[in-house]
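Novice: Model the structure of this input:
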Amino acid sequence: MRSAKLPIPSLLRSVVLFLLATTSFGVNVTYDHRAIVIDGKRRVLVSGSIHYPRSTPDMWPDLIQKSKDGGLDVIETYVFWNLHEPVRNKYNFEGRNDLVKFVKLVAQAGLYVHLRIGPYVCAEWNYGGFPLWLHFIPGIQLRTDNEPFKTEMQRFTAKIVDMMKQENLYASQGGPIILSQIENEYGNIDSAYGSAAKSYIKWAAGMAISLDTGVPWVMCQQADAPDPIINTCNGFYCDQFTPNSNAKPKMWTENWSGWFLSFGGAAPYRPVEDLAFAVARFYQRGGTFQNYYMYHGGTNFGRTTGGPFIATSYDYDAPIDEYGIPRQPKWGHLKDVHKAIKLCEKALVATDPTYTSLGPNLEATVYKTGSGLCAAFLANVGTSDVTANFRGNSYRLPAWSVSILPDCKNVVLNTAKINSMTMIPSVSHQALNVDADSTEAIGSGWSWINEPVGISKDNAFTKPGLLEQINTTADQSDYLWYSLSINIKGDEPFLEDGYQTTLHVESLGHALRAFINGKLAGSANGNSGNSKVAVEIPVTLVRGKNTIDLLSMTVGLQNYGAFFDKTGAGITGPVKLKDSKNGNSVDLSSQQWTYQIGLKGEDVGLSTGSSSQWVSQPDLPKNQPLIWYKTKIDAPAGNDPVALDFTGMGKGEAWINGQSIGRYWPTYISPKSGCTDSCNYRGAYNSNKCRKNCGKPSQELYHVPRSWLQPSGNILVLFEEIGGDPTQLAFATGQTGSLCSHVSESHPSPIDMWGSDSKTGTKPGPTLSLACPFPDQAISSIKFASFGTPSGTCGSFSHGKCSSAKALSILQKACIGSKSCSVAVSTGTFGDPCRGVIKSLAVEASCT
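Specialist: Okay, the predicted model is just below:
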């Protein structure tokens, strides 16, 4: 009997449709000895770190999409406890802190999330991500088997998990989160905590599992991670890593794509050939989950840097640069590597690898199944090119490279041979368009307020002796004043040549300004290797009352190491006045010092620009310490990324429309030595191997997100500590300079052509491709083209001993006026200018 169709009331119909549209069906995420298993299928996964507060919500969708376009499956992020709970039980998940929004945007792009809750994160982040109020809880000891700490850690971890659950963001609920991390690199330092470390890790694992997320948990750099927690690897290379159980997959949570920049240091970078080699070696040797730390590094806005002395830029030489632009050829070459790995995925997850030596420093790895699947990796871990025989065929293996053979016969990619183009960015400077006609600013367009030297606030206090800075300020400010008045008669034994003497100051760091009777007498600062300061400053005193005002400054709090939270800062002494000739001295350390936390300008909100105290005069004070500057400026036209060039300024902090750009310090110059014009990627990489910008400011350009700018009337505020000239500030906008590519006849075909010979019957050869990075651009000129034996790098190519006379005209015809172009690298295209020699094509082009 057929039932009659009953009409559904329109309201009920709407409810049903709504439920169908909004219901997400959970997936089962587990693991076995080979891989993460999603709904019963082993997966080879490529992941990349993007830290949501190091960019802006307006940037997130584009960053995520470029990550997906680059071949990522997963976005990995830390959760920053001190950002979300700056005051105990008072939370902030707004703006750049909107973790839920970030995770949902990743889901909308069709990618997974690895949520590294920690809640200790390291990350070159202030205090390792811990809120400083933890430090003041009675009886607390951080990161050990300590009840007060465990209570707070569990409370915050549970809050984050509950937030994710409430939004159905775990994969078990239909969301994107397939992994979570508890703790972070504890195994690197756990021996310092003794037996309590083992019980703490066991507790942390149990606490995490009890939160019932429905997805696996990991611990990185934790060889004794308790089951079922997966222990994972961090480092420049993890191919030799083995998990602590045969039941766990081989995972790499941090493949360092570059390294962080420190104030006073040269800029580190990691050649893409080495990074690609490390990635391919990891998958070759059984790995199935690899994450780039960082894929987009971003910016340390405000006072979020750790270190100390971590720079405001956290670019990290990542595949996507600080401003959100793909860094070429790194982004493009890694995209090709990811495609090559994915061509092997079915074989990789179907079986375990077998390894064969092909000779010294040569290794072949084969994944072969009974059903006929076969993928192979041929690695040369030496520093010389060699030819190897594999399965009856001969393969040329460049030094320090891996060839990937998805069918165990044909090379789809070699990590040392780059098909992707190189892009050299150019920076265009323009003077700030200051509203000089503003009633607030006369002449130069700038107004100012002097920050008082010494004690100026009602909440100053006096204590005997010298106080440690972090315990005193609770990191509410970078600044702590130490002030002392002394009476000089003129016959003191520490005086020489009248009223001359030497002020000796020792500090735990990080920087110091010394004022005598209101005048700057001297300055000193530590560095990323040693934050302590010891300085001797010649000073002149006067008969009668003298005031010694010492301004101590932090530059980000310690974020790594055993008991890092106990690393102090500030002037702990001794502080002495002494005769440098005869050694007579007086120790002032135990005197009654007066203290002031922070600056008066901070208390009255000068960073927003809103105050009636701003001074406007035709003669703008320049090159003087402790001064606030303000102006109104127009934003640069267009949509190009924007930075401020702080050349001409000393050290301080800057705000645009009330948002902190971060600390600036263009006067901190990197060492003159230690850099190389070109870094040999062959051989093991370390963070000091490849450096650039020696003898220059560690950071000159400071990112200003476009979303923080209005077309006009933007309020720019600076606090300058040392002294500088704000009229020298300029906007810098990023554009495409040159596009280059250098492809030889020995290069594999472009990876997108893999398998095309089975359709066309002809085997494709190497191809040089160029493409303008922005939609409204076209290739406007060919600056250089040579087929033969060209040499050099992008921007400095030169012709070799042989060169085809046709190269330039062929490239001009193929490329000019087009957004992109491709040219076969062959004698069929260019003729043969030198027989019997492997030839290459080098091209430099520009887009407008």
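Novice: Let me see the ranges of the helices in this structure.
Specialist: 10-22, 60-69, 81-84, 99-108, 147-166, 195-210, 272-284, 330-343, 345-350, 469-473, 600-603, 756-760, 807-815, 827-830 (DSSP state H).
Novice: out of these, deepest packed?
Specialist: For the helices of the chain, the largest average neighbour count (mean count of other CB atoms under 10 Å) is found in helix 272-284, namely a mean of 26. Yep, even glycine has a C-beta here, placed from its N, CA and C like the rest.
Novice: Report all helices and strands that that helix contacts.
Specialist: The contact analysis (3 or more CB pairs under 8 Å, 6 or more residues apart in numbering; DSSP states H and E) places helix 272-284 against strand 251-256, strand 289-296, helix 330-343, strand 374-380, strand 401-405.
Novice: if we go to 7 Å?
Specialist: strand 251-256, helix 330-343, strand 374-380, strand 401-405 (3 or more CB pairs under 7 Å, 6 or more residues apart in numbering; DSSP states H and E).
Novice: so it versus strand 289-296, what angle?
Specialist: With axes from the mean of the first three to the mean of the last three CA atoms, to 10 degrees defining the directions, helix 272-284 sits at 160 degrees from strand 289-296.
Novice: now Tyr367, nearest residue through space, not along the chain?
Specialist: Residue nearest to Tyr367 in three dimensions, not counting chain neighbours: Ala347, with 4.1 Å by CB to CB, 6 or more residues apart in numbering.
Novice: rewinding a little: just so I know, which of the helices and strands packed on helix 272-284 lies nearest His296?
Specialist: Between His296 and the helices and strands packed on helix 272-284, the tightest spacing by CB to CB is seen for helix 330-343, at 10.1 Å.
Novice: Just want the angle from that closest one to helix 60-69.
Specialist: Between the axes of helix 330-343 and helix 60-69, defined by the same axes, to 10 degrees, the angle is 50 degrees.
Novice: which residues touch Thr383?
Specialist: Each residue near Thr383 by CB atoms under 7 Å, 6 or more residues apart in numbering is listed here: Ala399, Trp400, Arg682, Gly683.
Novice: one more time with 10 Å, if that's ok
Specialist: For Thr383, the contact set (CB atoms under 10 Å, 6 or more residues apart in numbering) comprises Asn361, Ala399, Trp400, Asn680, Arg682, Gly683, Ala684.
Novice: pLDDT score for it?
Specialist: According to the per-residue confidence, Thr383 scores 97 in pLDDT.
Novice: Same question for the one 4 residues further on.
Specialist: In the predicted model, Thr387 carries a pLDDT score of 98.
Novice: Gln735 now?
Specialist: We note a pLDDT of 86 for Gln735 in this prediction.
Novice: that older thread, any chance of the helices of the chain in a markdown table, plus distance to Gly382 and mean pLDDT?
Specialist: Putting the helices of the chain into a markdown table (distance: least, CB to CB, whole Å; pLDDT from 0 to 100) gives the following:
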| stretch | distance to Gly382 | mean pLDDT |
| --- | --- | --- |
| helix 10-22 | 57 | 40 |
| helix 60-69 | 33 | 98 |
| helix 81-84 | 45 | 98 |
| helix 99-108 | 40 | 98 |
| helix 147-166 | 46 | 98 |
| helix 195-210 | 39 | 98 |
| helix 272-284 | 12 | 98 |
| helix 330-343 | 20 | 98 |
| helix 345-350 | 25 | 98 |
| helix 469-473 | 49 | 98 |
| helix 600-603 | 57 | 98 |
| helix 756-760 | 32 | 64 |
| helix 807-815 | 34 | 98 |
| helix 827-830 | 31 | 97 |
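Novice: Of all these, which one is nearest Leu551?
Specialist: Comparing the helices of the chain by their distance to Leu551 (CB to CB), the top pick is helix 469-473, with 11.0 Å.
Novice: Give the other helices and strands that the closest one contacts.
Specialist: In this structure, helix 469-473 makes packing contacts with strand 479-488, strand 544-553, strand 557-558, strand 592-597, judged by 3 or more CB pairs under 10 Å, 6 or more residues apart in numbering; DSSP states H and E.
Novice: Out of those strands, which is the most enclosed?
Specialist: The most buried stretch of the helices and strands packed on helix 469-473, if neighbours are counted by mean count of other CB under 10 Å, is strand 557-558, with a mean of 24.
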